[in-house]
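Engineer: Below: sequence and its predicted model.
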Amino acid sequence: MLALADFPYRRARRMRSNKWIRDLTEETSLSVNDLIWPIFLIEGNDKSENIQSLPGVSRLSIDKAVEASKIMFDRGLGCVALFPSTPPKLKTESCEEAWNPNNLVNKATRIIKKEVPGLGVMLDVALDPYNSLGHDGLVKDNKILNDETLDALSKQALTQAISGADILGPSDMMDGRVAKIRSTLEKNNFKDTMIMSYSAKFASSFYGPFRDAVGASGILKGDKKTYQINPANSNEAIREIAADLREGADMVMVKPGMPYLDICRRIKDTFGVPTFAYQVSGEYAMIEAAASNGWIDREAAIMESILSFKRAGCDGILTYFAPQIINNLEA
Ligand code: PBG
(Lines give C-alpha, C1' and ligand atoms only; values in the text may rest on other atoms or scores of the structure.)
Protein backbone atom coordinates (compact mmCIF):
# COMPACT_ATOMS: atom_id res chain seq x y z
CA MET A 1 0.00 0.00 0.00
CA LEU A 2 1.13 3.58 -0.58
CA ALA A 3 2.71 5.41 2.34
CA LEU A 4 -0.02 7.38 4.09
CA ALA A 5 0.23 9.94 6.84
CA ASP A 6 -0.88 8.73 10.25
CA PHE A 7 -3.81 10.08 12.21
CA PRO A 8 -4.33 12.93 12.94
CA TYR A 9 -2.35 14.28 9.95
CA ARG A 10 -4.39 12.02 7.78
CA ARG A 11 -8.12 12.21 8.36
CA ALA A 12 -10.03 10.15 5.80
CA ARG A 13 -13.25 11.91 6.73
CA ARG A 14 -11.94 15.25 5.40
CA MET A 15 -12.50 13.87 1.93
CA ARG A 16 -16.05 12.83 2.77
CA SER A 17 -17.08 16.05 4.46
CA ASN A 18 -19.10 17.58 1.60
CA LYS A 19 -21.01 16.32 -1.39
CA TRP A 20 -18.86 18.25 -3.87
CA ILE A 21 -15.58 16.76 -2.63
CA ARG A 22 -17.11 13.28 -2.55
CA ASP A 23 -18.26 13.76 -6.14
CA LEU A 24 -14.91 15.18 -7.19
CA THR A 25 -12.98 12.18 -5.89
CA GLU A 26 -15.47 9.49 -6.93
CA GLU A 27 -13.60 6.58 -8.55
CA THR A 28 -16.43 5.10 -10.60
CA SER A 29 -19.69 6.40 -11.95
CA LEU A 30 -22.77 5.20 -13.70
CA SER A 31 -24.40 6.45 -16.85
CA VAL A 32 -27.05 5.33 -19.28
CA ASN A 33 -24.18 4.19 -21.53
CA ASP A 34 -23.49 1.33 -19.11
CA LEU A 35 -26.83 -0.39 -19.57
CA ILE A 36 -28.35 -3.17 -21.66
CA TRP A 37 -32.05 -3.74 -21.05
CA PRO A 38 -33.44 -7.32 -21.35
CA ILE A 39 -37.03 -7.54 -22.65
CA PHE A 40 -39.31 -10.62 -22.70
CA LEU A 41 -41.51 -11.12 -25.75
CA ILE A 42 -44.87 -12.83 -26.25
CA GLU A 43 -47.05 -13.38 -29.26
CA GLY A 44 -50.02 -11.14 -30.01
CA ASN A 45 -50.73 -7.46 -30.17
CA ASP A 46 -51.05 -4.77 -27.53
CA LYS A 47 -50.29 -7.30 -24.82
CA SER A 48 -48.45 -6.95 -21.55
CA GLU A 49 -48.31 -9.82 -19.06
CA ASN A 50 -47.02 -9.65 -15.51
CA ILE A 51 -44.34 -12.12 -14.45
CA GLN A 52 -45.12 -13.22 -10.92
CA SER A 53 -41.55 -13.88 -9.83
CA LEU A 54 -40.27 -10.67 -11.48
CA PRO A 55 -42.55 -7.96 -10.10
CA GLY A 56 -42.38 -4.85 -12.27
CA VAL A 57 -41.15 -6.74 -15.37
CA SER A 58 -43.63 -7.73 -18.08
CA ARG A 59 -43.73 -9.94 -21.11
CA LEU A 60 -44.57 -7.67 -24.02
CA SER A 61 -46.03 -8.27 -27.45
CA ILE A 62 -43.70 -7.07 -30.20
CA ASP A 63 -45.57 -3.79 -30.82
CA LYS A 64 -45.35 -2.94 -27.11
CA ALA A 65 -41.68 -3.93 -26.97
CA VAL A 66 -40.89 -1.70 -29.95
CA GLU A 67 -42.73 1.19 -28.32
CA ALA A 68 -40.89 0.69 -25.02
CA SER A 69 -37.53 0.40 -26.81
CA LYS A 70 -38.16 3.63 -28.67
CA ILE A 71 -38.98 5.50 -25.46
CA MET A 72 -35.84 4.18 -23.78
CA PHE A 73 -33.70 4.94 -26.83
CA ASP A 74 -34.93 8.53 -26.74
CA ARG A 75 -33.79 8.66 -23.13
CA GLY A 76 -30.30 7.50 -24.08
CA LEU A 77 -30.39 3.71 -23.86
CA GLY A 78 -27.99 2.07 -26.33
CA CYS A 79 -28.99 -1.58 -26.44
CA VAL A 80 -31.79 -4.03 -25.67
CA ALA A 81 -31.57 -7.81 -25.29
CA LEU A 82 -34.61 -9.76 -26.47
CA PHE A 83 -35.83 -13.05 -24.98
CA PRO A 84 -38.85 -15.01 -26.22
CA SER A 85 -41.59 -16.62 -24.22
CA THR A 86 -42.21 -19.24 -26.90
CA PRO A 87 -45.70 -20.76 -27.05
CA PRO A 88 -45.47 -24.33 -25.65
CA LYS A 89 -46.77 -25.85 -28.88
CA LEU A 90 -43.69 -24.55 -30.71
CA LYS A 91 -41.22 -26.14 -28.28
CA THR A 92 -39.78 -29.41 -29.56
CA GLU A 93 -36.87 -31.72 -28.81
CA SER A 94 -35.15 -30.65 -32.03
CA CYS A 95 -35.72 -26.94 -31.27
CA GLU A 96 -36.28 -25.87 -34.90
CA GLU A 97 -38.20 -22.78 -33.77
CA ALA A 98 -34.78 -21.43 -32.74
CA TRP A 99 -33.83 -20.85 -36.39
CA ASN A 100 -37.27 -19.89 -37.66
CA PRO A 101 -36.75 -16.49 -39.33
CA ASN A 102 -40.21 -15.56 -38.07
CA ASN A 103 -39.77 -16.52 -34.43
CA LEU A 104 -40.50 -13.84 -31.85
CA VAL A 105 -36.98 -12.48 -31.47
CA ASN A 106 -36.21 -12.41 -35.18
CA LYS A 107 -39.47 -10.65 -36.01
CA ALA A 108 -38.96 -8.14 -33.20
CA THR A 109 -35.36 -7.48 -34.25
CA ARG A 110 -36.36 -6.64 -37.81
CA ILE A 111 -39.01 -4.21 -36.59
CA ILE A 112 -36.79 -2.54 -33.98
CA LYS A 113 -33.92 -2.14 -36.45
CA LYS A 114 -36.39 -0.49 -38.85
CA GLU A 115 -38.22 1.71 -36.34
CA VAL A 116 -35.31 2.54 -34.03
CA PRO A 117 -32.21 2.01 -36.19
CA GLY A 118 -29.84 3.61 -33.70
CA LEU A 119 -30.66 1.13 -30.97
CA GLY A 120 -28.46 -1.95 -30.61
CA VAL A 121 -30.20 -5.32 -30.47
CA MET A 122 -28.69 -8.30 -28.71
CA LEU A 123 -30.06 -11.85 -28.99
CA ASP A 124 -29.31 -14.95 -26.94
CA VAL A 125 -27.91 -17.93 -28.77
CA ALA A 126 -29.13 -20.99 -26.85
CA LEU A 127 -31.89 -23.51 -27.34
CA ASP A 128 -33.70 -23.37 -23.99
CA PRO A 129 -36.59 -21.06 -24.97
CA TYR A 130 -37.40 -23.48 -27.82
CA ASN A 131 -36.62 -26.82 -26.22
CA SER A 132 -39.47 -28.99 -24.91
CA LEU A 133 -36.89 -30.42 -22.50
CA GLY A 134 -35.87 -26.98 -21.22
CA HIS A 135 -32.12 -27.40 -21.79
CA ASP A 136 -29.76 -25.07 -23.67
CA GLY A 137 -28.58 -27.94 -25.85
CA LEU A 138 -30.09 -30.90 -27.68
CA VAL A 139 -30.79 -33.83 -25.38
CA LYS A 140 -30.46 -37.53 -26.09
CA ASP A 141 -30.82 -40.30 -23.48
CA ASN A 142 -30.65 -37.65 -20.75
CA LYS A 143 -27.31 -36.35 -22.06
CA ILE A 144 -26.80 -32.83 -23.39
CA LEU A 145 -25.14 -33.29 -26.78
CA ASN A 146 -22.29 -30.88 -27.48
CA ASP A 147 -21.36 -31.16 -31.16
CA GLU A 148 -24.89 -31.70 -32.48
CA THR A 149 -25.94 -28.61 -30.52
CA LEU A 150 -23.22 -26.55 -32.25
CA ASP A 151 -24.90 -27.09 -35.62
CA ALA A 152 -28.22 -25.97 -34.20
CA LEU A 153 -26.67 -22.90 -32.57
CA SER A 154 -24.92 -21.95 -35.76
CA LYS A 155 -28.23 -22.06 -37.70
CA GLN A 156 -29.88 -20.03 -34.93
CA ALA A 157 -27.06 -17.45 -34.93
CA LEU A 158 -27.13 -17.05 -38.70
CA THR A 159 -30.89 -16.38 -38.76
CA GLN A 160 -30.41 -13.84 -35.99
CA ALA A 161 -27.66 -12.07 -37.91
CA ILE A 162 -29.83 -12.05 -41.04
CA SER A 163 -32.65 -10.49 -38.98
CA GLY A 164 -30.30 -7.65 -38.10
CA ALA A 165 -29.13 -8.50 -34.58
CA ASP A 166 -26.07 -6.43 -33.71
CA ILE A 167 -24.78 -8.60 -30.88
CA LEU A 168 -25.10 -12.36 -30.54
CA GLY A 169 -24.83 -13.68 -27.01
CA PRO A 170 -24.07 -17.40 -26.89
CA SER A 171 -25.43 -18.37 -23.47
CA ASP A 172 -25.50 -22.14 -23.88
CA MET A 173 -22.01 -23.03 -22.56
CA MET A 174 -21.36 -25.74 -25.16
CA ASP A 175 -17.67 -26.20 -25.99
CA GLY A 176 -16.57 -24.64 -29.26
CA ARG A 177 -19.72 -22.60 -29.84
CA VAL A 178 -18.00 -19.24 -30.30
CA ALA A 179 -15.64 -20.58 -32.99
CA LYS A 180 -18.52 -22.27 -34.76
CA ILE A 181 -20.70 -19.15 -34.70
CA ARG A 182 -17.83 -16.86 -35.72
CA SER A 183 -16.89 -19.05 -38.68
CA THR A 184 -20.53 -19.22 -39.79
CA LEU A 185 -20.75 -15.43 -39.62
CA GLU A 186 -17.52 -15.03 -41.60
CA LYS A 187 -18.60 -17.53 -44.27
CA ASN A 188 -21.85 -15.65 -44.72
CA ASN A 189 -20.22 -12.25 -44.82
CA PHE A 190 -21.56 -11.00 -41.49
CA LYS A 191 -18.28 -9.32 -40.67
CA ASP A 192 -19.69 -6.74 -38.30
CA THR A 193 -21.90 -8.92 -36.13
CA MET A 194 -20.53 -8.75 -32.60
CA ILE A 195 -20.31 -11.67 -30.20
CA MET A 196 -20.72 -11.08 -26.49
CA SER A 197 -20.09 -14.49 -25.08
CA TYR A 198 -21.69 -15.60 -21.85
CA SER A 199 -18.26 -17.08 -21.14
CA ALA A 200 -18.36 -17.30 -17.37
CA LYS A 201 -21.86 -18.56 -16.87
CA PHE A 202 -22.31 -20.37 -13.59
CA ALA A 203 -24.77 -23.15 -12.72
CA SER A 204 -26.70 -20.81 -10.49
CA SER A 205 -29.85 -20.84 -8.41
CA PHE A 206 -30.46 -17.21 -9.37
CA TYR A 207 -32.00 -17.93 -12.80
CA GLY A 208 -35.37 -19.15 -11.46
CA PRO A 209 -37.55 -16.14 -12.33
CA PHE A 210 -36.08 -15.98 -15.87
CA ARG A 211 -37.08 -19.58 -16.44
CA ASP A 212 -40.60 -18.64 -15.31
CA ALA A 213 -40.53 -15.67 -17.68
CA VAL A 214 -39.67 -17.77 -20.75
CA GLY A 215 -41.81 -20.71 -19.63
CA ALA A 216 -38.90 -23.11 -19.11
CA SER A 217 -39.31 -23.76 -15.37
CA GLY A 218 -41.88 -26.53 -15.45
CA ILE A 219 -40.23 -28.44 -18.28
CA LEU A 220 -36.55 -28.41 -17.35
CA LYS A 221 -35.48 -31.94 -16.42
CA GLY A 222 -32.54 -32.08 -14.07
CA ASP A 223 -30.08 -29.19 -13.88
CA LYS A 224 -27.49 -27.46 -16.07
CA LYS A 225 -24.40 -28.56 -14.13
CA THR A 226 -22.90 -30.57 -17.00
CA TYR A 227 -22.43 -27.39 -19.01
CA GLN A 228 -22.57 -24.33 -16.74
CA ILE A 229 -19.60 -23.61 -14.42
CA ASN A 230 -19.42 -24.82 -10.82
CA PRO A 231 -19.96 -21.77 -8.55
CA ALA A 232 -16.91 -22.83 -6.54
CA ASN A 233 -14.53 -22.19 -9.46
CA SER A 234 -12.63 -19.11 -10.50
CA ASN A 235 -9.67 -20.43 -12.57
CA GLU A 236 -12.10 -22.40 -14.68
CA ALA A 237 -13.99 -19.19 -15.46
CA ILE A 238 -10.73 -17.58 -16.60
CA ARG A 239 -10.03 -20.55 -18.90
CA GLU A 240 -13.51 -20.22 -20.43
CA ILE A 241 -12.93 -16.51 -21.05
CA ALA A 242 -9.53 -17.19 -22.66
CA ALA A 243 -11.04 -19.85 -24.93
CA ASP A 244 -13.96 -17.66 -26.04
CA LEU A 245 -11.65 -14.74 -26.81
CA ARG A 246 -9.40 -17.01 -28.90
CA GLU A 247 -12.47 -18.31 -30.70
CA GLY A 248 -13.55 -14.83 -31.74
CA ALA A 249 -15.64 -13.24 -28.98
CA ASP A 250 -15.51 -9.42 -28.99
CA MET A 251 -16.81 -9.07 -25.45
CA VAL A 252 -17.31 -11.40 -22.54
CA MET A 253 -19.90 -11.69 -19.83
CA VAL A 254 -20.09 -12.94 -16.28
CA LYS A 255 -23.38 -14.31 -15.08
CA PRO A 256 -24.91 -14.02 -12.47
CA GLY A 257 -23.54 -10.66 -11.42
CA MET A 258 -23.26 -9.66 -7.81
CA PRO A 259 -22.30 -13.07 -6.39
CA TYR A 260 -19.46 -13.18 -8.98
CA LEU A 261 -17.87 -9.72 -8.79
CA ASP A 262 -14.50 -11.33 -8.03
CA ILE A 263 -14.67 -12.99 -11.44
CA CYS A 264 -15.45 -9.66 -13.15
CA ARG A 265 -12.42 -8.05 -11.55
CA ARG A 266 -10.14 -10.97 -12.45
CA ILE A 267 -11.25 -10.90 -16.08
CA LYS A 268 -10.71 -7.18 -16.43
CA ASP A 269 -7.27 -7.36 -14.81
CA THR A 270 -6.19 -10.45 -16.77
CA PHE A 271 -7.49 -9.67 -20.26
CA GLY A 272 -8.43 -5.99 -20.35
CA VAL A 273 -11.29 -6.76 -22.74
CA PRO A 274 -14.81 -5.34 -22.76
CA THR A 275 -16.36 -7.07 -19.76
CA PHE A 276 -20.05 -7.28 -18.94
CA ALA A 277 -22.11 -8.68 -16.12
CA TYR A 278 -25.69 -9.90 -16.15
CA GLN A 279 -27.59 -8.88 -13.03
CA VAL A 280 -29.90 -11.86 -13.38
CA SER A 281 -33.54 -12.38 -12.57
CA GLY A 282 -32.97 -13.79 -9.08
CA GLU A 283 -30.82 -10.79 -8.15
CA TYR A 284 -33.56 -8.47 -9.37
CA ALA A 285 -36.21 -10.44 -7.47
CA MET A 286 -34.23 -10.32 -4.22
CA ILE A 287 -33.92 -6.54 -4.31
CA GLU A 288 -37.59 -6.15 -5.27
CA ALA A 289 -38.75 -8.52 -2.53
CA ALA A 290 -36.74 -6.79 0.20
CA ALA A 291 -37.78 -3.35 -1.06
CA SER A 292 -41.47 -4.19 -1.23
CA ASN A 293 -41.27 -5.38 2.38
CA GLY A 294 -39.80 -2.02 3.31
CA TRP A 295 -36.54 -3.69 4.37
CA ILE A 296 -34.27 -1.74 2.03
CA ASP A 297 -34.53 1.51 0.10
CA ARG A 298 -35.34 0.30 -3.42
CA GLU A 299 -33.77 3.09 -5.50
CA ALA A 300 -30.64 3.37 -3.37
CA ALA A 301 -30.15 -0.40 -3.38
CA ILE A 302 -30.59 -0.58 -7.17
CA MET A 303 -28.03 2.15 -7.78
CA GLU A 304 -25.55 0.66 -5.30
CA SER A 305 -25.89 -2.79 -6.86
CA ILE A 306 -25.17 -1.40 -10.33
CA LEU A 307 -22.25 0.69 -9.14
CA SER A 308 -20.67 -2.47 -7.68
CA PHE A 309 -20.29 -3.81 -11.22
CA LYS A 310 -18.49 -0.69 -12.37
CA ARG A 311 -16.18 -0.87 -9.36
CA ALA A 312 -15.45 -4.52 -10.20
CA GLY A 313 -14.25 -3.46 -13.66
CA CYS A 314 -17.32 -4.03 -15.81
CA ASP A 315 -17.93 -1.85 -18.84
CA GLY A 316 -21.63 -2.53 -18.86
CA ILE A 317 -24.45 -4.36 -17.14
CA LEU A 318 -27.49 -6.24 -18.40
CA THR A 319 -30.22 -5.39 -15.94
CA TYR A 320 -34.01 -5.49 -15.68
CA PHE A 321 -33.67 -2.31 -13.63
CA ALA A 322 -32.53 -0.28 -16.67
CA PRO A 323 -35.71 1.86 -16.81
CA GLN A 324 -35.58 2.63 -13.08
CA ILE A 325 -31.86 3.42 -13.28
CA ILE A 326 -32.48 5.85 -16.11
CA ASN A 327 -35.23 7.50 -14.02
CA ASN A 328 -32.82 7.82 -11.13
CA LEU A 329 -30.03 9.19 -13.32
CA GLU A 330 -32.41 11.80 -14.74
CA ALA A 331 -33.77 12.80 -11.33
C1 PBG B 1 -30.59 -19.14 -21.36
C2 PBG B 1 -30.45 -18.00 -20.44
C3 PBG B 1 -30.71 -17.97 -19.06
C4 PBG B 1 -30.58 -16.65 -18.67
C5 PBG B 1 -30.21 -15.90 -19.80
N6 PBG B 1 -30.11 -16.76 -20.89
C7 PBG B 1 -31.18 -19.01 -18.11
C8 PBG B 1 -30.49 -20.26 -17.91
O9 PBG B 1 -29.35 -20.47 -18.29
O10 PBG B 1 -31.17 -21.13 -17.33
C11 PBG B 1 -30.83 -16.16 -17.27
C12 PBG B 1 -31.10 -14.74 -17.10
C13 PBG B 1 -31.71 -14.38 -15.81
O14 PBG B 1 -31.85 -15.19 -14.88
O15 PBG B 1 -32.10 -13.21 -15.71
N16 PBG B 1 -29.53 -19.85 -21.72
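Structural biologist: That came in fine, so what should we check first?
Engineer: Now K191: which helix or strand?
Structural biologist: Here K191, judged by DSSP states H and E, is contained in no helix and no strand.
Engineer: Name the residues of the stretch 151-300 of the chain found near the ligand, please.
Structural biologist: 171-172, 207, 210-211, 280-281 (CB under 6 Å from any ligand atom). (Glycine included, C-beta is placed from N, CA and C.)
Engineer: if we go to 8 Å?
Structural biologist: Selection of the stretch 151-300 of the chain residues close to the ligand by CB under 8 Å from any ligand atom yields 169, 171-173, 198, 201, 204, 206-211, 213-214, 216, 220, 224, 228, 255-256, 278-284.
Engineer: Now the buried members of the residues you listed.
Structural biologist: Among those, those scoring as buried are 169, 171-173, 198, 201, 204, 206-211, 213-214, 216, 220, 224, 228, 255-256, 278-284 (criterion: 16 or more other CB atoms under 10 Å).
Engineer: Next step: those restricted to helices.
Structural biologist: Among those, DSSP state H puts 208-211, 213, 281-284 in helices.
Engineer: quick check, nearest of those residues to M122?
Structural biologist: Taking CB to CB as the measure, M122 lies nearest F210 of these, at 15.1 Å.
Engineer: Model confidence for the closest one, exactly?
Structural biologist: Looking at F210, its pLDDT stands at 95.
Engineer: Need the nearest residue in space to it, chain neighbours excluded.
Structural biologist: Leaving aside its chain neighbours, F210 sits nearest to S281 (3.9 Å; criterion: CB to CB, 6 or more residues apart in numbering).
Engineer: So that neighbour sits against S204, correct?
Structural biologist: No: S281 is not in contact with S204 according to CB atoms under 8 Å; the separation is 10.2 Å.
Engineer: so where's this structure uncertain?
Structural biologist: Scanning the chain for pLDDT under 70 picks out 1.
Engineer: coming back round to it: can I get the ones in helices among the buried ones among the residues of the stretch 151-300 of the chain next to the ligand in JSON lines including distance to V273?
Structural biologist: Converted to JSON lines, these look like this (distance: CB to CB, whole Å):
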{"residue": "G208", "distance to V273": "30"}
{"residue": "P209", "distance to V273": "29"}
{"residue": "F210", "distance to V273": "25"}
{"residue": "R211", "distance to V273": "29"}
{"residue": "A213", "distance to V273": "29"}
{"residue": "S281", "distance to V273": "26"}
{"residue": "G282", "distance to V273": "26"}
{"residue": "E283", "distance to V273": "23"}
{"residue": "Y284", "distance to V273": "26"}
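Engineer: Closest one of the residues you listed to S234?
Structural biologist: Minimum distance to S234 across these is 19.2 Å, recorded for E283 (CB to CB).
Engineer: Who are the contact partners of the closest one?
Structural biologist: Counting by CB atoms under 8 Å, 6 or more residues apart in numbering, E283 touches 206, 256-259, 305.
Engineer: what about 7 Å?
Structural biologist: 206, 256-258 (CB atoms under 7 Å, 6 or more residues apart in numbering).
Engineer: Return the closest of those residues with respect to the ligand.
Structural biologist: Nearest to the ligand out of the contacts of E283 is F206 (CB to the nearest ligand atom; 6.2 Å).
Engineer: residues of stretch 178-187 that come out buried?
Structural biologist: 178-182, 184-185.
Engineer: Quick one: residues contacting the residue lying closest to G134 once chain neighbours are set aside.
Structural biologist: Using CB to CB, 6+ apart and skipping the chain neighbours, the partner closest in space to G134 is L220 (3.2 Å). For L220, the contacting residues are 134-135, 211, by CB under 7 Å, 6+ apart.
Engineer: With distance to A5 as added columns, please give these in CSV.
Structural biologist: Output for those, formatted as CSV (distance: CB to CB, whole Å):
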residue, distance to A5
G134, 59
H135, 58
R211, 54
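Engineer: Name the nearest of those residues relative to the ligand.
Structural biologist: Among the contacts of L220, R211 lies closest to the ligand (CB to the nearest ligand atom), at 5.6 Å.
Engineer: list the contacts for the closest one?
Structural biologist: Taking CB under 7 Å, 6+ apart, one finds 217, 220 in contact with R211.
Engineer: again with D223
Structural biologist: So, once contact is read as CB under 7 Å, 6+ apart, D223 ends up touching A203.
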